[in-house]
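> below are the sequence and a predicted model for it; my questions follow.
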Amino acid sequence: MFGTLSSAEIETARLKRNLGITCNLGFSCTGFGGMRFQGEDMVPQRGDDDDEEDQVVTETTPFQFQQPLLHQQQKFVVGYALTSKKKKSFLQPKLEVLARRKGIFFVAIDLNRPLSEQGPFDVVLHKLLGKEWHEVIEDYREKHPEVTVLDPPGAIQRIYNRQSMLQGMADLNLSDCSGSLLVPKQMVVLKDSAASADKVVEAGLKFPLVAKPLWIDGTAKSHQLFLAYDRRSLAELDPPLVLQEFVNHGGVLFKVFVVGDVIKVMRRFSLPNVSNCEKAKVDGVFQFPRVSSAAASADNADLDPCVAELPPKPFLEALVKELRSLLGLRLFNIDMIREHGSKNTFYVIDINYFPGYGKMPEYEQVFVDFFQNLAQTKHKKRQHCK
Ligand SMILES: Nc1ncnc2c1ncn2[C@@H]1O[C@H](COP(=O)(O)OP(=O)(O)OP(=O)(O)O)[C@@H](O)[C@H]1O
Ligand SMILES: O=P(O)(O)O[C@H]1[C@H](OP(=O)(O)O)[C@@H](OP(=O)(O)O)[C@@H](O)[C@@H](O)[C@@H]1OP(=O)(O)O
Ligand SMILES: [Mg+2]
């Protein structure tokens with residue numbers, strides 16, 4: 001069992017052997033004739049017409065700028081507090097150049113100086129972990145209501161717990177949409193995972209179960225996931241964790257990136273289905289690799305169209321609208337899977353705050369538009385108050 005093996009690589013190899021995962025998770029990566037995949041847009045729309053480099057972006061609620069920001073001869077300053085990894089993947093030269101052309105400037109926040117002494121900022125963009133930062137940014141928000149803090153720390157905290165992350169999903173108003181939304185059955189284990197075996201049965205959870213650390217704290221460990229095939233194997237897991245029913249979904253996951261009103265959806269490889277035969281034969285618990293976070297997109301893979309078809313646009317628009325208000329976030333992504341064999345029954349399995357936007361096609365233009373929109377709103381508010 002996993003506790004006796006020395007490295008994650010061995011676990012990965014074993015999982016691959018047991019689940020029949022090949023190096024590309026069972027899919028060949030050849031072209032898929034006739035269909036447009038990579039970063040498929042939901043609603044193509046032109047960017048500002050004064051910039052020939054502007055890309056077509058995806059928007060659910062199109063907006064028009066009456067006055068370009070530069071006409072106001074004002075700078076729009078985005079203070080950022082990001083890990084060096086995030087800074088590298090997000091703050092790429094193309095983003096800085098496109099933004100600068102629109103009068104938007106990124107300024108690093110000095111973590112060794114009081115935040116209120118820095119700036120002035122129009123926006124504070126942040127993703128740092130720890131209670132200390134949480135308190136700093138909360139205090140700053142209270143003292144500087146004129147600054148848009150992306151996003152509020154309380155809202156972020158909610159999705160750093162895999163239990164509260166999915167709470168309230170069942171009550172979302174999606175009745176008129178072309179799809180239905182579920183969350184996998186799950187239960188929390190705070191201590192004594194051996195004793196959880198009976199509770200799992202009582203709660204009616206069916207094996208295999210995906211075991212996920214309860215807290216997401218930015219460490220690799222908080223993304224170490226396991227597949228548990230039987231009751232006995234639960235004793236080997238380290239709480240606190242959530243145990244979630246594994247949902248067969250044909251090995252494809254939809255990453256739904258949200259930036260304010262904009263939605264972009266991408267396909268990623270995921271775990272293959274677990275057959276009944278495998279359920280009967282396999283026991284134990286297996287660590288599995290961080291499959292769907294890999295940069296490799298499934299957009300150009302040769303996939304069964306029933307599995308690969310993107311979730312319907314009206315469904316995603318309604319879901320994102322509801323989620324933005326439920327979560328109080330503007331920068332997040334939703335990991336969704338389609339129940340295998342269903343037309344449009346989807347499960348939300350994960351929500352991530354300020355995800356790896358660097359992997360989202362044309363994210364630079366999307367963010368420039370997003371900041372311009374914030375600038376415009378701020379400008380209008382000021383005019384209104386005069
Ligand atoms: N309930 C489930 N049913 C089927 N597959 C699942 C389920 N939960 C997770 N997976 C698989 O495991 C992957 C990782 O799960 P999840 O997104 O919850 O973990 P994470 O550590 O938050 O990952 P990420 O780094 O992508 O945010 C999913 O992308 C999917 O491939
Ligand atoms: O590492 P990447 O850049 O890929 O981004 C990943 C991001 O890590 P980072 O914020 O440290 O960058 C993760 O954040 P935490 O859950 O650990 O907070 C989470 O959002 C993943 O889902 C992202 O992968 P994606 O879903 O976008 O593929
Ligand atoms: Mg996640």
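Cool, the structure landed. Ligands and ions are numbered 1, 2, ... in the order given.
> show me the shaky parts of this structure.
1-73, 295, 386 (pLDDT under 70).
> wait, does the helix ranked longest in it contact ligand 2?
The longest helix of the chain (DSSP state H) is helix 363-385. No - using C-beta under 6 Å from any ligand atom, we find that helix 363-385 stays clear of ligand 2, coming within 10.5 Å at best. Just so you know, the C-beta spots here come from the backbone N, C-alpha and C atoms, and that holds for glycine as well.
> if I look at the residue in the stretch 151-300 of the chain positioned nearest to ligand 2, how far off is ligand 3?
The stretch 151-300 of the chain approaches ligand 2 most closely through residue 293 (4.2 Å), counting by C-beta to the nearest ligand atom. Residue 293 is 8 Å from ligand 3, where distance means C-beta to the ion, to the nearest Å.
> repeat for residue 301
22 Å.
> could you do residue 265 as well?
16 Å.
> can you tell me how far the closest residue to that residue other than its chain neighbours sits from ligand 1?
The spatial neighbour of residue 265 that comes closest, neighbours along the chain excluded (C-beta to C-beta, 6 or more residues apart in numbering), is residue 256 at 5.0 Å. To ligand 1, residue 256 is 12 Å away according to C-beta to the nearest ligand atom, to the nearest Å.
> could you do residue 360 as well?
On the measure of C-beta to the nearest ligand atom, residue 360 and ligand 1 end up 14 Å apart.
> so what does that residue have for phi and psi?
Reported as degrees, to the nearest 10, the phi and psi values for residue 360 are phi -90, psi 130.
> quick one, what contacts the closest residue in space to it that isn't next to it in sequence?
Spatial nearest neighbour of residue 360, excluding adjacent residues (C-beta to C-beta, 6+ apart): residue 257 at 4.7 Å. The contact partners of residue 257, taken as C-beta atoms under 8 Å, 6 or more residues apart in numbering, are 263, 264, 265, 266, 333, 355, 357, 360, 363.
> can you list the strands that the helix or strand where residue 257 lies pairs with?
Using DSSP states H and E, residue 257 falls within strand 252-259. Its sheet considered, strand 252-259 pairs with strand 262-269 (antiparallel), strand 331-338 (antiparallel) by DSSP bridges.
> any idea how far it is from the middle of the chain?
In terms of C-alpha atoms, centre = their mean, to the nearest Å, the centre of strand 252-259 is set 7 Å apart from its chain centre.
> got it, and stretch 117-133?
Here stretch 117-133 is found 21 Å from its chain centre; the criterion is C-alpha atoms, centre = their mean.
> what sits up against that stretch?
Here stretch 117-133 makes contact (C-beta under 8 Å, 6+ apart) with 76-83, 86, 107, 109-111, 115, 137, 140, 147-150, 217-218, 353-354, 371, 374-375, 378.
> what's the span of it from first residue to last?
Start to finish, the residues bounding stretch 117-133 are 16 Å apart (C-alpha to C-alpha, to the nearest Å).
> ditto for stretch 343-360
End-to-end for stretch 343-360, by C-alpha to C-alpha: 26 Å.
> that stretch: which residues count as buried?
346-357, 359-360 (16 or more other C-beta atoms under 10 Å).
> what about the host helix or strand of residue 80, near ligand 2?
Under the criterion of DSSP H and E, residue 80 resides in strand 76-82. No - using C-beta under 6 Å from any ligand atom, strand 76-82 stays clear of ligand 2, coming no nearer than 8.5 Å.
> okay, now the residue nearest to residue 265: neighbour count?
By other C-beta atoms under 10 Å, 23 other residues sit near residue 256.
> that one bridge partners, please.
residue 265, residue 334.
> surely it and residue 263 touch.
Yes - using C-beta atoms under 8 Å, residue 256 is in contact with residue 263, at 6.3 Å.
> find residues that contact each of the two.
316, 320.
> and stretch 182-196, C-alpha only, in CSV?
What follows is stretch 182-196, C-alpha atoms only, in CSV (Å, rounded to 0.1, in the frame of the first residue of the first chain):
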residue,chain,number,x,y,z
LEU,A,182,-24.3,18.2,-9.6
VAL,A,183,-21.5,17.9,-7.1
PRO,A,184,-20.1,14.4,-6.2
LYS,A,185,-21.3,12.9,-3.0
GLN,A,186,-18.6,13.6,-0.4
MET,A,187,-17.9,13.5,3.3
VAL,A,188,-15.3,15.1,5.5
VAL,A,189,-12.9,13.0,7.7
LEU,A,190,-11.3,15.2,10.4
LYS,A,191,-9.6,12.4,12.3
ASP,A,192,-9.4,8.6,12.4
SER,A,193,-9.8,7.6,8.8
ALA,A,194,-10.1,3.9,9.8
ALA,A,195,-13.4,4.8,11.7
SER,A,196,-14.6,6.6,8.6
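> buried residues in that stretch, which are they?
Buried residues in stretch 182-196, counted by 16+ other C-beta under 10 Å: 183, 184, 186, 187, 189, 193, 196.
> so who does the third one touch?
The one in question is residue 186. Counting by C-beta under 8 Å, 6+ apart, residue 186 touches 163, 166, 205, 242, 243, 244, 245.
> how about the second one?
Taking C-beta under 8 Å, 6+ apart, we find residue 184 in contact with 210, 244, 245, 246, 247, 347, 349.
> make a markdown table from those residues and add secondary structure and distance to ligand 3 to it.
Below are the contacts of residue 184 laid out as a markdown table (DSSP: H, G, I helix; E, B strand; the rest coil; distance: C-beta to the ion, whole Å):
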| residue | secondary structure | distance to ligand 3 |
| --- | --- | --- |
| 210 | strand | 12 |
| 244 | strand | 12 |
| 245 | strand | 17 |
| 246 | coil | 16 |
| 247 | coil | 16 |
| 347 | strand | 14 |
| 349 | strand | 9 |
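> next up, the contacts around residue 339.
Contact analysis of residue 339 by C-beta under 8 Å, 6+ apart lists 182, 247, 248, 249, 345, 346, 347.
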